[in-house]
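# A predicted structure for the sequence below; I have some questions about it.
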Amino acid sequence: MPKQATPLNDTQIKNAKAADNEYCLYDLGGLYLRIRPNAAKDWIFRYKDPHFKKRQKIALGSYNAGTTLKLAREERDKCMALLAKNIDPKTHRIIQSQVALAKKTNTLKLVATKWFQVKKTKITKDFAKDVWRSLDSHIFPRLGSHPISQIDAPIVIQVIDVVAARGNLETVKRLCQRLNEIMTFAVNSGIIHHNPLSGIREGFANPIKKHNPTLKPDQLPMLMSQLNYASINLTTRVMIEWQLHTMVRPMESAGTRWEEINFDDNTWTIPPERMKKKREHIVPLSPQALALLEVMRPISGHKEYVFTSQRDPLRHANQGSPNVALKRMGFKDMLTAHGMRALASTTLNEEAFDYDIIEMALAHIDPNETRRSYNHAKYLPRRRLMMEWWSNRIDEAAIGNMSMTASTRGLRAVN
């Protein structure tokens, strides 16, 4: 009759002494205690791997470090449960260890950096800078080093509350949007299982929507008069007039490159990566807009950008410079650089120009892709006529004042 296997007991384990050679005390189900000559007592589980049926061993803890017989049996039972599902306990442990390490090392800032590498390919360079700057200023100092798996709504609300307390509700809105995008990226990348910030925006008041202040069409002469007497540098003044004539956004104006100008057909082609909607935009240049380029040619014609930075000639001018200049000219809360687009739009609509042509000139996107492609080709000649009319209106508003477009040789009064 075969010998019956008997389970270990705590007394046997406690009384087991070290010997000159390593030896084992066996329990049931493949569990045994290995006693080494240095008195170390380690729990080992012996099993056959479910795939190749080879003998394997896995350590389940040290008796000396507090892993009792009861705890060792519990760990053995966990291993046996995995084997019943054809999962190798040793492989499972390695994977779990890697997952735990990934959770610890995948900090919010690290994951945000990976997200940003994708995000910045879909937005303009200047907007990308703004996105990262907002996170770097308001989120990363407090939460950047936290594992993203430990980020939850209460923690984030506590941080963003500081921004909300200053009344920067528009910044709060953007931070919530960007953090949600980062969390969604983490979910889609398998880093976390769900987005804990999906409803965080509801924890803050909505910002009061403010339109960029603008002037009425009959106030255009006042703008040209103030521009005449303004104490601002030449590059900033030309940049204001350039944006006024071309109806583009401040960031598109500031980043104008000489290589984007086609003097053969008098057009300015802004590449998709510089546009808000990531679509190429063609601007028909009026004679007045071309005259502005001639003013800038001696200053920056040998450089990359038409409007160069005073501090670094290799970079373009700051898109905020026109706004600063307009405030100094007395237009605070009356007009912004972006508001000049609304001024042009209102004037052209009042003059009964085709709405679609105006929207195309403003680089607003038609939601119908087929119609958008058709209109792109159809409207360019009509847009040129409209842009020339608008430039002439600006010149008329400058009568009696100095206009940069009146002569490429310098300033003179418009006749």
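Structure received.
# what's stretch 271-279 in contact with?
122-125, 127, 249, 251-252, 255, 260, 280-281, 363, 365 (C-beta atoms under 8 Å, 6 or more residues apart in numbering). Bear in mind the C-beta positions are built from the backbone N, C-alpha and C, glycine included.
# cool, stretch 309-319 as well?
Residues contacting stretch 309-319 (C-beta under 8 Å, 6+ apart): 126, 233, 235-236, 239, 250-251, 253-256, 303-305, 307-308, 337.
# Keeping just the C-alphas, turn that stretch into PDB.
Output of stretch 309-319 as PDB, limited to C-alpha atoms (Å, rounded to 0.1, in the frame of the first residue of the first chain):
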ATOM      1  CA  SER A 309      10.900  89.400 -34.700                       C
ATOM      2  CA  GLN A 310      12.900  92.300 -33.300                       C
ATOM      3  CA  ARG A 311      14.600  90.000 -30.800                       C
ATOM      4  CA  ASP A 312      15.400  87.200 -33.100                       C
ATOM      5  CA  PRO A 313      15.500  87.900 -36.900                       C
ATOM      6  CA  LEU A 314      15.300  84.200 -37.600                       C
ATOM      7  CA  ARG A 315      11.800  84.000 -36.100                       C
ATOM      8  CA  HIS A 316       8.500  85.700 -37.100                       C
ATOM      9  CA  ALA A 317       7.000  88.600 -35.300                       C
ATOM     10  CA  ASN A 318       4.800  88.000 -32.300                       C
ATOM     11  CA  GLN A 319       1.200  87.600 -33.300                       C
END
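# average model confidence for it?
Averaging pLDDT along stretch 309-319 gives 90.
# Kindly report the same for stretch 26-42.
Average pLDDT, stretch 26-42: 93.
# Buried residues in it, which are they?
Neighbour-count burial for stretch 26-42, counted by 16 or more other C-beta atoms under 10 Å, picks out Asp27, Gly30, Leu31, Tyr32, Leu33, Arg34, Ile35, Lys41, Asp42.
# Excluding chain neighbours, what is closest to the second one?
Of all residues not flanking Gly30 in the chain, Arg46 sits nearest, at 4.6 Å (C-beta to C-beta, 6 or more residues apart in numbering).
# for the one you found, what are its contacts?
By C-beta under 8 Å, 6+ apart, the residues touching Arg46 are Gly30, Leu31, Tyr32, Arg55, Gln56, Lys57.
# Would you agree the fourth one is in contact with Ile44?
No: assessed by C-beta atoms under 8 Å, Arg55 is found out of contact with Ile44, at 11.7 Å.
# Thought Leu110 was touching Ile191, still the case?
No: between Ile191 and Leu110 there is no contact under C-beta under 8 Å: 9.6 Å.
# Please say which of these two ends up with more neighbours.
Ile191 (18 against 15; other C-beta atoms under 10 Å).
# Can you check my assumption that that one lies in a helix?
No: using DSSP: H, G, I helix; E, B strand; the rest coil, the assignment for Ile191 is coil, not a helix.
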